[in-house]
Structure formats: C-alpha cells, structure tokens
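Q: quick one: sequence and predicted model below, then my questions.
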There are 2 protein chains.
Amino acid sequence: MKKPIAIQGIKGSFHHEVAQRYFKTQTDVVECMTFDSTVDSLLNGDTDFIVMALENSIAGSIIPNYALIDRHNLLIVGEHYLDIQHNLMALANQSITDIKEVHSHPMALLQCKAFFKNYPHIKLVEAKDTADVAKQISDKNIKGIAAIASENAAELYDLEILAESIQTIKHNETRFVIVQRENEQQNLNTNNKASLKFELQHKRGSLAALLNVLSDCKLNLTKIQSLPKIETPWKYAFFVDVTFESYKDFEKAKSILNLMAENFKVLGEYKNARQ
Amino acid sequence: MKKPIAIQGIKGSFHHEVAQRYFKTQTDVVECMTFDSTVDSLLNGDTDFIVMALENSIAGSIIPNYALIDRHNLLIVGEHYLDIQHNLMALANQSITDIKEVHSHPMALLQCKAFFKNYPHIKLVEAKDTADVAKQISDKNIKGIAAIASENAAELYDLEILAESIQTIKHNETRFVIVQRENEQQNLNTNNKASLKFELQHKRGSLAALLNVLSDCKLNLTKIQSLPKIETPWKYAFFVDVTFESYKDFEKAKSILNLMAENFKVLGEYKNARQ
C-alpha cells in the first residue's frame, strides 16, 4: 500500500490541491503544521513524498524551503504550478464591516495587503495555515474573524466568500515541488529539468565561466539566484534551475560542474512541468 | 537647510539607526509607516533621501522594495550594512509567561520563529513596525504584550528586555540602501559599485554572454537574482550588483549592456560599503 503524501497545512489548503493534482489516484495526505514537520514525516518514513511551495511569481523564492531541502539532502522529483487565488471568507450572514480580524499565513497576508488598506479596522494576524483558519472558524462557529483561503476551503468548511481574488496581483502563480528522501532517487533519462546548487569563490568571471559550461552543454537556465550562506553573511551560494532536451547533455554538464564548482549538488532531476 | 530623511518606521527602528550612521551630522527623519509612503515623501519633495532595507542575509532580497525602486525610477546612491539583533521587550516587572501576544514586523517574526516554538502560549501578531510596537506599549502602558525591537528602542521607550538576540541565526545582517529621486543622480567617478537591472530573451546562453561582458570589463558580481516580471509570471528580469576598480571599466560595460540587454537600467551607482 502506498504511503500518504506530506503536505504543509490541512485539507483544503493549496498544498492539498497540488497533491491532488499531481498524484491524481493517490491523494491521502498527512497534514503538517510546518514545513519542518513535513520533512520530519518524510525522514521517519511516515510519508514518501512532500508537496512543498518553493517560489512565487510575486514574492520570489521561499528561501527557508530551499534551506530545508539542502540541509536534509532531500531530492526534488517533480514540480507543479498553481495559480493561487485568495478569497476572504467567514461564517454566513456577516458583511466585511463585521470582520474585526483576519487570520492567515504571512505570505497570504502580504499578497493581500493592498486590499486591506481600505479596511483599516481589520487587524491582520499571522496564522500557520490558510485553510486551518477556515476550519477553526467553521468548527468553533467564530464570528468577526475571517480567513483568506481557496474556494476549495470555503466549500469544504462551509464558509461564505465575502470577497474574491483579493490578492493585489491577479495572476499569482506558485511553483510547488515534490520532494523525496535522498537515497531513493531514480535518475530517469526521460527527465528534462534539474535544480542545482553550487558555491563559487568570489573571483571575477567565475560565474560567467560556469554559465558558459551550461550553455555549451545546451542547458537552458530558467532560474538563478545568489543566496547568502547561512551563518556566513555575504558569502553566496547559487541556486540554478536548468532544462535540457537530451539527458546526455545534462550528464556532461554535471561531470564538468563537479570539477569546476565548490560543493556542487544536484537538488533533483525531474520532468519540466512547462513544456 | 537640509531636508529630513525618510525612514520606514519610527525613531528607534533599524532604519532610524542606519540613517544616523550613514548621514551622521544630519539625522532629522520623517517617520513613514510603509515603504510606499517613504517613496511618496521623496517624490513630493518632503525628503531628499530614503533609507530602505533591500536584502537580508537570512531571508534574501526584499522583492517589493526592488519593485518600488524600479517602478518609480528611483536611484540607489549609497548602501549600509547593519547587523540586526532582535530583542524581546515589554513593560517592566513581567516575565515571559505573562506575555500573551508579541506584535512585530512580519520579517522580525519570521526571523524569531524558532524562539517562539518554546512559548506556544504566545500569539504572534503582524504589526507595521518593530519600534512602533515598543512605543505603543510604553505610551499606553500595555501589559501582556511584547515587542521585538532593537536595544535602542528599549532604551528610547523605557522597556525591559526579556530576552536578547532571539533571532534564530545569530549573525543577521541587513543591507540598506540610500535612495534618491532619478533626476538628481550625480555620477561620480569615485563610485565603485552599481546596481543593474535588465531583461533577457529566454534563449540559451544569453545570460552567460552578458556575464562574460561584465567579466571582460573587469566587473565583479556581488549579487545576481532572476526575478519574475510582475503580471507576467515566469518571464524573468535580472537584478545584478557589480563592483569595479576603475569607473572607465564600468562605463564601457554600460555601453555594451545597453546594446545587448533588453530594458537595461542602472538602478544606482555608489560607494561600496564593503572595501
């Protein structure tokens, strides 16, 4: 029997939606309140996969999740893009003027900041999970508090949507990755995308030389980010995503990068979700 | 007479501290509750400079501030690095078990998340500004609520520090920039650092070719980040910082980048604060 999938949040969350869409037939989930605990459940074998948000078209990368994948030597084995629409919801028969507090995930609050400028009477409170707030409001019959969550959550927890798509930037896409334990990687030569991490000496031209290799090997860059090394501010590591047509090209690039870059690491090889 | 400096937050905030350290003799400030309103005060002429946090050694870039600088064609004319230490503070004669809520800026809450795992009875609430919470607690004599702010703020608003340096990663450096209106740039050939923005066609090798030019012109990369173009998810712009020894080298690179990259833009030229 297959193990359930670890998701951050509860049923009705965006992570749950991605699990359903990505795994289709198998959508049994372990609800985790933090990304750290999704990793715990993976490492102790309760689950074989995590669904984890990794970057967002508005706020950029979710750096702490890159750190989790890197620190625990996890592997990215798939990706999924979801267009996230935030809706304001509460128990039925309330108007927005009845709402005193909105509880939601910091990222959701950030993305809907402009909307709440028009409602200065509403206090924004951080919560662990968008859908969990919806569930709590429903379970405990709480009036005066609203959630920001998906249409799915409103339906699942029987709340009324007070305002639709309240995020400032209407096209709001998040990239989720499917993550697995290290020792279980299957390098399939049908993969055509990879996430890499490496470090470089702070020396003129070192990054250019490395990108030349990627280009010579016919790899296409879809993301690059220099990142401070934790506990060593302003020493940077690089996180790079590449796509390729031939797996042989990628293998060639890997063997060269192994020699050229410090601490070169493949965070995962998978199928490009954007063909 | 010189105009005051626009800061995000109030006196006692980290932005205030940077204003004092960077401008030394002139430290009169306009306290703004949002980064947007610092920009308003600059554009309507109330101030001639903004002090603005731009990146952090833990959470990475503050993307919305890059967007503000870019959208309003502001110029970065200086930078300052500050090692940020977060302290938990409240009215005197309370212990941490008396604290029911901590109000602070989302970034501060994020950076201190691990500390609060040990105090699950404390609710984390988003506030606009770290120092303002300290001021409110002091002004209104509020018990049971704590702030996360600087030592300066504790002193200024007469609060007691319940726990020092509560951020998870002890070395916690933030890079602030000094920002000015576009039409007032002075290109000084004593400048040795610059922030650039450009867009590239999603074509293999296009970024490598451009970095080769930077390297050939003897420019050193200190930061690179591909960023989604707002409202056009997964089309990326690049934000790059470079340092150089000779201003002539930089001028040469500029003229080549103007021809090679789409929408090439110098976000600012200034003195490298890390020599």
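A: It's in.
Q: and for the helix-or-strand element of chain A with minimal mean pLDDT, what's in contact with it?
A: Evaluated with mean pLDDT, DSSP states H and E, the helix-and-strand set of chain A has its lowest mean pLDDT in strand A:60-61, which scores a mean of 78. With Cβ atoms under 8 Å, 6 or more residues apart in numbering or on different chains as the test, strand A:60-61 has contacts from A:54-55, A:225, A:239, B:60-61, B:63, B:225, B:227-228. For the C-beta atoms, the positions are set from N, CA and C on the backbone; glycine is no exception.
Q: same check on stretch A:5-13?
A: Applying Cβ under 8 Å, 6+ apart, the set of residues contacting stretch A:5-13 from outside is A:15-16, A:18-19, A:23, A:26-35, A:38, A:41-42, A:46-53, A:128-132, A:134-135, A:149-150, A:152-153, A:156-157.
Q: measure that stretch end to end?
A: 13 Å (Cα to Cα, to the nearest Å).
Q: likewise stretch A:70-89?
A: End-to-end distance (Cα to Cα), stretch A:70-89: 36 Å.
Q: domain assignment for chain A?
A: Partitioning chain A according to automatic domain parsing yields domains covering residues A:5-81+A:172-182, A:87-163, A:193-270.
Q: returning to that earlier point: sheet partners, orientation included, of the least confident helix or strand of chain A?
A: Strand A:60-61 has these partner strands in its sheet, going by DSSP bridges: strand A:49-56 (antiparallel).
Q: can I get the strand it pairs with in CSV, CA atoms only?
A: The C-alpha coordinates for strand A:49-56 follow below in CSV (Å, rounded to 0.1, in the frame of the first residue of the first chain):
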residue,chain,number,x,y,z
PHE,A,49,6.8,12.4,-0.6
ILE,A,50,6.3,16.0,0.4
VAL,A,51,4.5,18.7,-1.6
MET,A,52,6.3,22.0,-0.9
ALA,A,53,5.9,25.5,-2.2
LEU,A,54,9.2,26.8,-3.5
GLU,A,55,8.7,30.1,-5.3
ASN,A,56,6.0,32.6,-6.1
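Q: could you give the mean pLDDT of it?
A: Averaged over strand A:49-56, pLDDT sits at 92.
Q: contact partners of it?
A: Applying Cβ under 8 Å, 6+ apart, the set of residues contacting strand A:49-56 from outside is A:5-8, A:14-15, A:18-19, A:22-23, A:35, A:38-39, A:41-42, A:61-62, A:65-66, A:68-69, A:74, A:77, A:79-80, A:84, A:107, A:172-180, A:223.
Q: PyMOL command to pick out the buried ones of those residues?
A: PyMOL command restricting the contacts of strand A:49-56 to the buried ones, with burial defined by 16 or more other Cβ atoms under 10 Å in any protein chain shown:
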select buried, chain A and resi 5+6+7+8+14+15+18+19+22+23+35+38+39+41+42+61+62+65+66+68+69+74+77+79+80+84+107+172+173+174+175+176+177+178+179+180+223
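Q: cross the contacts of strand A:49-56 against helices and list the overlap.
A: With helices defined by DSSP state H, the entries of these inside them are A:14-15, A:18-19, A:22-23, A:35, A:38-39, A:41-42, A:65-66, A:68-69, A:107.
Q: and the contacts of stretch A:5-13, which of them are buried?
A: Of the contacts of stretch A:5-13, these count as buried by 16+ other Cβ under 10 Å: A:15-16, A:18-19, A:23, A:27, A:29-32, A:35, A:38, A:41-42, A:47, A:49-53, A:128-132, A:134-135, A:149-150, A:152-153, A:156-157.
Q: give me the element the closest residue to residue A:95 other than its chain neighbours is part of.
A: The spatially closest residue to residue A:95, leaving aside those adjacent along the chain, is residue A:162, at 7.3 Å (Cβ to Cβ, 6 or more residues apart in numbering or on different chains). With the criterion set as DSSP states H and E, the secondary-structure element containing residue A:162 is strand A:160-163.
Q: residues in contact with that strand?
A: Contacts made with strand A:160-163 from outside it, assessed by Cβ under 8 Å, 6+ apart, are listed as A:87-96, A:99, A:115, A:146, A:151, A:154.
Q: show only the entries of the residues you listed found in strands.
A: The members of these that map onto strands under DSSP state E are A:87-90, A:146.
Q: based on its surroundings, how many neighbours for residue A:192?
A: If you count neighbours by other Cβ atoms under 10 Å in any protein chain shown, residue A:192 ends up with 19.
Q: so what's it up against?
A: A:243-245, A:247, A:271-272.
Q: filter those to the buried ones?
A: Burial of these was assessed by neighbour count (16+ other Cβ under 10 Å); the buried members are A:243-244, A:247, A:272.
Q: how close does the most centrally placed residue in chain A get to residue B:87?
A: Chain A has residue A:53 as the residue nearest its centroid, 0.9 Å off, counting by Cα atoms, centre = their mean. To residue B:87, residue A:53 is 31 Å away according to Cβ to Cβ, to the nearest Å.
Q: one more: residue A:16?
A: Taking Cβ to Cβ as the measure, residue A:16 and residue B:87 are separated by 38 Å.
Q: same check, this time on residue A:96
A: For residue A:96, the distance to residue B:87 - Cβ to Cβ - is 37 Å.
Q: so the two - more neighbours on which side?
A: Using other Cβ under 10 Å as the criterion, residue A:96 and residue B:87 rank with residue B:87 on top: 24 against 15.
Q: who's the more buried one bridged to?
A: Taking DSSP bridges, one finds residue B:149 as the beta-bridge partners of residue B:87.
Q: list the contacts of it.
A: With contacts defined as Cβ under 8 Å, 6+ apart, the neighbours of residue B:87 are B:148-151, B:154, B:161, B:163-166.
Q: not counting sequence-adjacent ones, nearest residue to residue A:49?
A: Residue nearest to residue A:49 in three dimensions, not counting chain neighbours: residue A:5, with 5.0 Å by Cβ to Cβ, 6+ apart.
Q: which residues does the one you found bridge with?
A: With DSSP bridges applied, residue A:5 shows beta-bridge pairing to residue A:29, residue A:49.
Q: quick check: it vs chain B, distance?
A: If you measure residue A:5 against chain B using Cβ to the nearest Cβ, to the nearest Å, the figure is 24 Å.
Q: okay, that residue and residue A:183: tell me how far apart.
A: Using Cβ to Cβ, we find residue A:5 at a distance of 19 Å from residue A:183.
Q: I'd like the contacts of strand A:60-61 as TSV, with distance to residue A:195 appended.
A: Formatted as TSV, the entries for these read as follows, by distance: Cβ to Cβ, whole Å:
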residue	distance to residue A:195
A:54	9
A:55	11
A:225	11
A:239	7
B:60	16
B:61	19
B:63	20
B:225	16
B:227	17
B:228	17
